Each structure stands twice: as C-alpha cells, then as structure tokens.
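# could you look at this predicted model? Sequence included:
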Amino acid sequence: MYAERVVSGMRPTGALHLGHYHGVLVNWIKLQHEYPCLFFVADWHALTTNYDEPGNLHKNTTDMVADWLAAGLDPGEATLFVQSRIPEHAELHLLMSMMTPLGWLERVPTYKDQQEKLSHKDLSTYGFLGYPLLMAADILIYRADRVPVGEDQVPHLEFAREAARRFNHLYGREPGFEDKAREAVKKLGSKKSRLYDELRTRFQQEGDKAAREAAQALLEEVQHLSVIDRERLFGYLEGTGKQILVEPEALLTEAAKMPGLDGAKMSKSYGNTITLRDAPESVTKKIRAMPTDPARMRRTDPGDPQKCPVWQLHRIYSGEDCKAWVQQGCKSAGIGCLDCKQPVIESVLKELAPMRERARYYGENPEIITSILAEGCDRAREYARETMRDVREAMGISG
Ligand code: TRP
Ligand code: SF4
C-alpha cells in the first residue's frame, strides 16, 4: 500500500494547555500509528507575527517538545524536529518566491484578517505576507500527502496546493515528456499498463481520486521500473508534467472544542487555561473557582447547564450517566455546583497524571529531548535534501 506521508507544525508557544491537547495533540498521537508522520516546531513562523519580541524561542521550543512527549507523541513512531534546523525550508521558500504571484499572497484571507485583528502589531512586513508560502515550503519539502490542520489553516493548504501545481507546471516538463511517459507505460507490462491507463483516464476525466490512489499504489508495487520512469508515471497520472512536488490535502479534524475556565475558547492570552503541567492542587483550585450559571446565586436556585462553562467540560469528559446526573441535579437544584465540578476535576486529574509523570522524566533528563530532536532533524533533513535535489535540477540550478 502506498504510504501517505503526514506533516504538520505548531508554533512554539512554550508550555501547552488542554486546548492544544484536545484540539491538536490527541489527533497527532492517533495519526502517528497510522501514517509516517513528521511533526515540527514552526519557530520561524513565530517570527512572522512577533519579530519585535521573539522571547526565548529556543526555550519555548524545548518546553513545547517536552509537552508533546509528555502528552504521548512517540519519537519511535513520529519524526519530531525543528523548522529552523532544516535550512532547506528557507531555500525552497526562496526559490518558490520567484514564481509566486503577489496577488495570490495578498488574497489569502488570513492576511487581511490578521492585520485587522492584530492591529497593535506591525504586520506590514515581507515575512508576514510570505507566511503562507513558507508554510507551503514546510509541507512541500516533505512531499506530504496529508496535513492535519484546524479550520483556520485550510486556505493555507489550498495555497500550498496551488503553489505545487504551478511549480510542477513550470518546471516539470522535459522535452518529449509525453513520448517518454508512453514508453514507461509500456514497461509496466500489458496487464498493468492497461490498468494504469484506465485509472489515469478515470482520474483525469472524472476526477476520481480513488482511481488516482489505485494507480499510485500500482506504481509503488512495480519493482522493475527505474526511478525516473516511476516519477514520469506519477507525473503523467496527474497531468502532463513530471510531478516534482506533491499537492497536499488538508486532513480536517473533528477536534473537540476545548472551552477555557470562563467558557471562552481556551487560550493563553485570555488567561483561562489549565496547562499540561498544572499541579493537581492548581487544577482543583482552578476548576473550583470556575464561574457557573449566574442564575444559581444560592445553592437552592435551580440552574441551566447550557449557560454554564462547567457543563462544556462535562460534555468533553463525562459519560452519559454523569451528564444526566448534572442535567437533572442542576435544573432541580438537587446538586451544588461544587458537587457538579468534582467529577470534572477527577477526570482532568486522571488525564494529566501520566503526562505529569512523563514530563517529570523529561524535565530531569533534558538531554533526551536534545537527542530526540537531533535524530528527528537528521531524518527530516534527509527527506528535505532529496526534494531539494530534484527542485534544483528541475530549475536547472546545480550541476
Ligand atoms: N501555520 C500553522 C499555525 O499557525 C503552523 C504551521 C507552520 C504549519 N507550517 C506548517 C502547520 C505546515 C501545518 C503544516 O498553526
Ligand atoms: Fe454549572 Fe453544574 Fe452548577 Fe449547573 S450545577 S450551574 S452545570 S456547575
């Protein structure tokens, strides 16, 4: 089976909270068992909006990776690395900048949105405008098939697809490509070449993606093809040129929306988080102090869970029985708010306990993180170099 590659990145925000865990990490941890995965710290990206106050990027990077590991990312399964240590990302970004129309970047919806939202910041920089292209380079350099991202990043993925298509269109042609591709088809043998042609037609005429995948699987399996013929056939399948860069697809996650302690989205800037490193006493205190339905002034006042942020946590953490107990007890004033919070406190503590254990281990052995990242970077660099060789060759750069 053709193993699809997964790539995703996260800005180095330092210590992570339950919003990151439920929104992103739970999904990454699942994916690491299903695909070859590359997960990286997008430290250059942090500079696109924060060049004037970068803070300690190195420390934020190590802290965040410690939390990744504590949460359950396994360096034996996934490749974990740091963007800035693979300068090939920057090279691909530069080369692609030559052919990226300015209008494409200006039209990415997050460009104007963010400028308006973060109006206190100077975002009229070259780096900020080019941010989606840097993200495209992060993805394309690993020839990723799938990129797990949140809804907000989908336009960036679309941009990366268009950038890849444009690159392949501009540089994927070689003289006599069509003839060479037909020759390569013949080399598949009569049965397989007929199947390949059939699948290719289905994909090109009807956009049948399953047909494309089947054809890719077929090419992966064929033993006797040369690398160059195989590449030609991958390219011929997609269109007319050699496929040098792969168009990635967004892997949208139905992530649980993690509410913060006040019911708004959990976010460091709102000060409403429970971090993965919060001590049990702190978790207990924070949840106990959570506001509840304002109508429940006294213990004897009935309430409405819909109006209470604690209920949002029950929706994530509690089973049906417990949720029914909350609904009934709240509306009838049968239970107090502290009673209601207790099962949530217990669930969060239970979830965090093994993470705290692992975090302690990495805290006491920071050199392990250093070596995990060094190894991850080596592996990522190998992939990146391979792609860059092809990119330079296609653009006629190096000898
Ligand atoms: N832009 C992403 C964010 O802000 C982080 C990111 C950078 C990323 N490069 C990436 C995500 C490549 C996926 C793939 O959340
Ligand atoms: Fe919220 Fe529970 Fe109190 Fe109802 S009983 S207001 S759901 S904390």
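Structure's in. What do you need? Ligands and ions are numbered 1, 2, ... in the order given.

# low pLDDT regions in the stretch 51-200 of the chain?
Along the stretch 51-200 of the chain, no part satisfies pLDDT under 70.

# would you map the helices across it?
Per DSSP state H, counting those that start in this stretch, the stretch 51-200 of the chain carries helices over the ranges 57-71, 88-97, 102-107, 109-117, 126-129, 131-140, 154-171, 177-186, 190-206.

# the first one packs against which elements?
Just to be clear, that refers to helix 57-71. strand 37-41, helix 43-50, strand 78-82, helix 337-364, helix 366-394 (3 or more CB pairs under 8 Å, 6 or more residues apart in numbering; DSSP states H and E). C-beta here means a position set from N, CA and C on the backbone, and glycine is covered the same way.

# just these: most buried one?
Highest mean neighbour count among the helices and strands packed on helix 57-71 (mean count of other CB atoms under 10 Å): strand 37-41, with a mean of 25.

# please see if it touches ligand 1.
No - figure legend: strand 37-41 not in contact with ligand 1 (CB under 6 Å from any ligand atom); closest approach 7.6 Å.

# partner strands of that strand, parallel or antiparallel?
strand 6-10 (parallel), strand 78-82 (parallel) (DSSP bridges).

# adding distance to ligand 1, write those strands out as TSV.
Below are the strands paired with strand 37-41 laid out as TSV (distance: least, CB to the nearest ligand atom, whole Å):
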stretch	distance to ligand 1
strand 6-10	3
strand 78-82	12
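
# out of those strands, nearest to Tyr270?
Closest of the strands paired with strand 37-41 to Tyr270 is strand 6-10, at 18.8 Å (criterion: CB to CB).

# was I right to think Trp44 contacts Val82?
No - taking contacts as CB atoms under 8 Å, Trp44 lies outside contact range of Val82: 9.6 Å.

# can you report how many residues lie near the nearest residue to Asp339 once chain neighbours are set aside?
Sequence neighbours aside, Gly329 is the residue nearest to Asp339 in space, at 7.3 Å (criterion: CB to CB, 6 or more residues apart in numbering). Neighbour count of Gly329, defined by other CB atoms under 10 Å: 18.

# so which elements touch the helix or strand that contains Gly329?
Element membership of Gly329 [criterion: DSSP states H and E] is helix 320-331. Secondary-structure packing of helix 320-331 (3+ CB pairs under 8 Å, 6+ apart): helix 309-317, helix 337-364.

# so what's Met10 bridging to?
Val41.

# what sits against it?
Counting by CB atoms under 8 Å, 6 or more residues apart in numbering, Met10 touches His20, Val24, Phe39, Phe40, Val41, Ala42, Met64.

# the residue in the stretch 1-150 of the chain that ligand 2 sits nearest to: how many residues sit nearby?
Nearest residue of the stretch 1-150 of the chain to ligand 2: Leu18, at 17.8 Å (CB to the nearest ligand atom). Burial measure for Leu18: 25 neighbouring residues, criterion other CB under 10 Å.

# give me the element Ala250 is part of.
strand 249-252.

# ok, residues contacting that strand?
Val6, Leu31, Asp145, Arg146, Val147, Pro148, Val149, Glu151, Gln153, Val154, Leu157, Arg161.

# what subset of these is buried?
Buried members of the contacts of strand 249-252, scored by 16 or more other CB atoms under 10 Å, are Val6, Leu31, Asp145, Arg146, Val147, Pro148, Val149, Gln153, Leu157, Arg161.

# any idea how far the most far-flung residue of the chain relative to its centre is from ligand 1?
The outermost residue of the chain relative to its centre, with distances by CA atoms, centre = their mean, is Thr300 at 46.6 Å. Taken as CB to the nearest ligand atom, to the nearest Å, the spacing of Thr300 relative to ligand 1 amounts to 46 Å.

# just send the helices and strands packed on helix 57-71 back as TSV, with distance to His314 too.
Converted to TSV, those look like this (distance: least, CB to CB, whole Å):
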stretch	distance to His314
strand 37-41	31
helix 43-50	34
strand 78-82	32
helix 337-364	6
helix 366-394	35
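
# indicate which one of these is closest to ligand 2.
That would be, of these and by CB to the nearest ligand atom, helix 337-364, which comes in at 3.1 Å.

# check which helices and strands that closest one sits against.
Going by 3+ CB pairs under 8 Å, 6+ apart, helix 337-364 lies up against helix 57-71, helix 280-288, helix 309-317, helix 320-331.
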